[in-house]
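In: here's my sequence, what's the structure:
(one chain, ligands or ions: 1)
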Amino acid sequence: MNQMLKQFLLAALLVYISGCTQIKTTETEKPNILLIVVDDQGYADFEPFKNHRPEISTPNMNRLAETGMIFTQAYTSAPVCSPSRAGLNTGKFQFRWDAKASWNPGLPDETKTIAEYLKEAGYTTARIGKADFGTNYHKFDVREHPLNHGYDYFLGFSAHAHDYWLLSDEMAKRTPDPNGHSAHLGPLMENKGYKSYEDGYITNIFTDEAIQYLKTEKGEPFFLTLSYNSVHHVIHEVPQKYLNKFDVAPIHNYEPDSMETFGNRKPGSYSAYYEKYTRLGAINDEDMRKFYLANLNCLDDNIGRVLDALKEEGLNENTLIVFVSDNGGSPLTAANNSPLTAGKYSLWEGGIRVPMAISWPGKIQAGTVQNEYVSALDILPTLVEAAGVEISDSIMDGTSLLQPDQNRLLVWRWMDSWAVRKGEFKLTNMYYEHGKGRVSNQIIPPIHDDNSLKLFNVNNDPGERINLAESMPEKLKELQNEYENWLIENSGKY
Ligand SMILES: [Ca+2]
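Out: Model prediction:
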């Protein structure tokens, strides 16, 4: 073959390859986008993962795996709700602006959200469910309110948690502390007002509203964030048919007139009820797991209803769906993260490695398993690219979920703990959980109990059992330098 012919064939091949790997989106074929965020779901409590717990059945989450791609090493940027969601919504490590790497990073004016990008791309946008940046809860005229960061419509709550059953004006009026706590009860926010529900269950309500939304907006490309608070505590609040299925007796709902004191909480207060049933004690570990399974089963059924509605409306072929849990399974709710160590509140893998899936018929091969590591920060760039627009932020920590970089640096800061992941290795000073209360037996405890630097090959040893700090001092030093350099070059820049 002569040289010119060789060059021509090579060039033709390159054009072909680039055509295959890039997502090409024209104006007419912009996909609808559904971002399903669930709360505190355990790594082993997601049936598409082959090492899931045997008692787990999530047939509707499985549908996303069957039509799309699952990620066995998907990380969130924090081990608790608010900072994780700040990262997810912006594609940036939230501790760039939150110097304390705290529970409550908030959302700065200067950094753009997924919803703002997609609105610019011509999407109609809605958030149904939990809105949580850890600060400015229950307020309308703040950046953290969804209508002030790119959403056209909001129905849900602006708080860390919400009671699953108590959604009425009447209950809010009778309760001495409806807002005086991280959990909320009473009517949901609808845009800049409230919507009261005399009865109904929050997971079902969010689904009903989401189905109504996609039926109404199906003529437009839409971006719907469906952000369930299931399976966050208070985990025992589940419809009776699921409690029957898992053979666990119901606990009487909060009632201001008969609620006794709990800890230092006042009699009659919602916080007394919330504190009492959030943790093991009033509920034993075995029953807590049953409540968790019942709650998860109800969530899975509701996700099935949304998927059915997409199909009925003829939207399933042109809807990109991302599914993600905001952090690992909680030690308080009897979630299970095995084989990972620990859970929510910690930078052990159990706190930050989560169930995640993406489905996009015709664009992503059905039934794919991605074992390379990715981040929930990658959701923003992936969706923005799918919508056919460019990232305009000069700083972006996320990258495409469809092209994982196996040499990228991921950084975590969480109060006085930190971790980095690069290649197969993870370095961390993590040694304790920041959560309160007794830890469920479902959780695998850490075997390292001091804040020395610990090095793990988390590809081969996802349970972080074998500390390589002494046997691989050069690797330890390399990752430590990566962390320190990242801080010098990036802290405060967003
Ligand atoms: Ca959470």
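In: how far does stretch 462-472 sit from its chain's centre?
Out: Stretch 462-472 sits 28 Å away from the centroid of its parent chain (Cα atoms, centre = their mean, to the nearest Å).
In: buried residues in that stretch?
Out: With burial defined by 16 or more other Cβ atoms under 10 Å, the residues of stretch 462-472 counted as buried are Pro462, Gly463, Glu464, Asn467, Leu468. Bear in mind the C-beta positions are built from the backbone N, C-alpha and C, glycine included.
In: mind putting these in CSV, secondary structure and pLDDT included?
Out: Below are these laid out as CSV (DSSP: H, G, I helix; E, B strand; the rest coil; pLDDT from 0 to 100):
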residue, secondary structure, pLDDT
Pro462, coil, 98
Gly463, coil, 97
Glu464, coil, 97
Asn467, coil, 97
Leu468, coil, 98
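In: now distance to Leu299 too, for those residues, in a markdown table please.
Out: Below are those laid out as a markdown table (distance: Cβ to Cβ, whole Å):
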| residue | distance to Leu299 |
| --- | --- |
| Pro462 | 25 |
| Gly463 | 26 |
| Glu464 | 28 |
| Asn467 | 36 |
| Leu468 | 38 |
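In: closest one to Gln370 out of these, please.
Out: Among the buried residues of stretch 462-472, Pro462 lies closest to Gln370 (Cβ to Cβ), at 15.2 Å.
In: quick check: the closest one vs Ser338, distance?
Out: Distance of Pro462 to Ser338, computed by Cβ to Cβ, to the nearest Å: 10 Å.
In: interface residues of this structure facing the ion?
Out: Counting by Cβ under 5 Å from the ion, the residues of the chain close to the ion are Asp39, Asp40, Cys81, Asp326, Asn327.
In: what bridges to Lys422?
Out: Leu409, Phe425 (DSSP bridges).
In: what about Gly350, how many residues close to it?
Out: By the measure other Cβ atoms under 10 Å, the count of residues near Gly350 is 35.
In: tell me the pLDDT of Tyr432.
Out: pLDDT, Tyr432: 69.
In: swap that for Asn179, sorry
Out: pLDDT, read off for Asn179, is 84.
In: next, the contact list for Ala115, please.
Out: Asn89, Thr125, Arg127, Pro146, His149, Gly150, Tyr151, Phe223, Thr225 (Cβ atoms under 8 Å, 6 or more residues apart in numbering).
In: ignore the last one, Asn451
Out: Contacts of Asn451 (Cβ under 8 Å, 6+ apart): Asp416, Ser417, Asn429, Met430, Tyr431.
In: list phi and psi for the first one.
Out: Pointing back at Asp416 there. Main-chain dihedrals, Asp416, degrees, to the nearest 10: phi -90, psi 10.
In: who's in contact with Thr76?
Out: Taking Cβ under 8 Å, 6+ apart, we find Thr76 in contact with Ser84, Gly87, Leu88, Val324, Ser325, Asp326, Asn327, Gly328, Ile352, Val354, Ser375, Ala376.
In: contacting residues for the first one?
Out: Listed by Cβ under 8 Å, 6+ apart, the contact partners of Ser84 are Thr76, Ser77, Ala78, Asp326, Asn327, Ala376.
In: from Leu35, how far out is it?
Out: Ser84 is 14 Å from Leu35, by Cβ to Cβ.
In: and what of the second one?
Out: Taking Cβ to Cβ as the criterion, Gly87 is separated from Leu35 by 14 Å.
In: between these two, which one's more packed in?
Out: Higher neighbour count among Gly87 and Leu35: Gly87, with 28 against 22, using other Cβ under 10 Å.
In: could you find the closest non-adjacent residue to that one?
Out: The spatial neighbour of Gly87 that comes closest, neighbours along the chain excluded (Cβ to Cβ, 6 or more residues apart in numbering), is Ser77 at 3.3 Å.
In: for Ile444, same thing?
Out: Nearest residue to Ile444, sequence neighbours excluded (Cβ to Cβ, 6+ apart): Thr341, at 5.3 Å.
In: and for that neighbour, the neighbour number?
Out: By other Cβ under 10 Å, 24 other residues sit near Thr341.
In: OK, contacts around it?
Out: Shown in contact with Thr341 (Cβ under 8 Å, 6+ apart): Trp348, Glu349, Gly350, Ile444, Pro445, Pro446, Ile447, Gly463, Glu464, Arg465.
In: nearest to Ile364 among the residues of the chain next to the ion?
Out: Within these, proximity to Ile364 (Cβ to Cβ) peaks at Asp326, which comes in at 22.3 Å.
In: quick one, what contacts that closest one?
Out: Asp326 neighbours (Cβ under 8 Å, 6+ apart): Val37, Val38, Asp39, Asp40, Thr76, Cys81, Ser84, Arg85, Leu88, Val354, Ala376.
In: most neighbours among those, please name it.
Out: Ser84 (31 neighbours).
In: quick one: which of the contacts of Asn451 is nearest to the ion?
Out: The closest of those to the ion turns out to be Ser417 (Cβ to the ion; 17.3 Å).
In: pLDDT at the residue of the chain found nearest the ion, what is it?
Out: Nearest residue of the chain to the ion: Cys81, at 3.5 Å (Cβ to the ion). Looking at Cys81, its pLDDT is 97.
In: relative to Leu188, how far out is the residue nearest to Gly87?
Out: 27 Å.
In: the more surrounded of these two?
Out: Ser77 (30 against 22).
In: now the more buried one: how far from Glu474?
Out: Applying Cβ to Cβ, the value for Ser77 to Glu474 is 28 Å.
In: cool, Trp418 as well?
Out: Distance, Trp418 to Glu474, using Cβ to Cβ: 20 Å.
In: more crowded one of these two?
Out: Trp418 (20 against 7).
In: what's the helix or strand where the more buried one lies in contact with?
Out: If you go by DSSP states H and E, Trp418 is part of strand 417-422. The contact list for strand 417-422, computed with Cβ under 8 Å, 6+ apart, reads 75, 101, 346-347, 352, 373, 407-412, 426-431, 434, 451, 458, 479, 482-483, 486.
In: give the rounded mean pLDDT of the longest helix anywhere in the chain.
Out: Scanning the chain for the helix with the most residues, using DSSP state H, yields helix 285-312. The average pLDDT for helix 285-312 rounds to 98.
In: do the same with stretch 60-70
Out: The average pLDDT within stretch 60-70 is 98.
In: all the helices of this protein, in order from the start?
Out: Here the chain has its helices, by DSSP H, at 3-21, 59-67, 81-90, 114-120, 169-174, 202-216, 240-245, 270-278, 285-312, 349-352, 379-386, 473-490.
In: need the winner for burial among these.
Out: The highest mean neighbour count among those, using mean count of other Cβ atoms under 10 Å, belongs to helix 349-352: a mean of 32.
In: just the mean pLDDT for that helix, thanks.
Out: Throughout helix 349-352, pLDDT has a mean value of 98.
In: what sits up against that helix?
Out: Against helix 349-352 from outside (Cβ under 8 Å, 6+ apart): 43, 75-79, 327-329, 337, 340-345, 412, 419, 426, 443-444, 458, 462-464.
In: rebuild the helices of the chain as JSON lines, extending it with distance to Pro105.
Out: Listed next are these as JSON lines, based on distance: least, Cβ to Cβ, whole Å:
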{"stretch": "helix 3-21", "distance to Pro105": "34"}
{"stretch": "helix 59-67", "distance to Pro105": "28"}
{"stretch": "helix 81-90", "distance to Pro105": "4"}
{"stretch": "helix 114-120", "distance to Pro105": "16"}
{"stretch": "helix 169-174", "distance to Pro105": "27"}
{"stretch": "helix 202-216", "distance to Pro105": "24"}
{"stretch": "helix 240-245", "distance to Pro105": "34"}
{"stretch": "helix 270-278", "distance to Pro105": "22"}
{"stretch": "helix 285-312", "distance to Pro105": "26"}
{"stretch": "helix 349-352", "distance to Pro105": "16"}
{"stretch": "helix 379-386", "distance to Pro105": "16"}
{"stretch": "helix 473-490", "distance to Pro105": "15"}
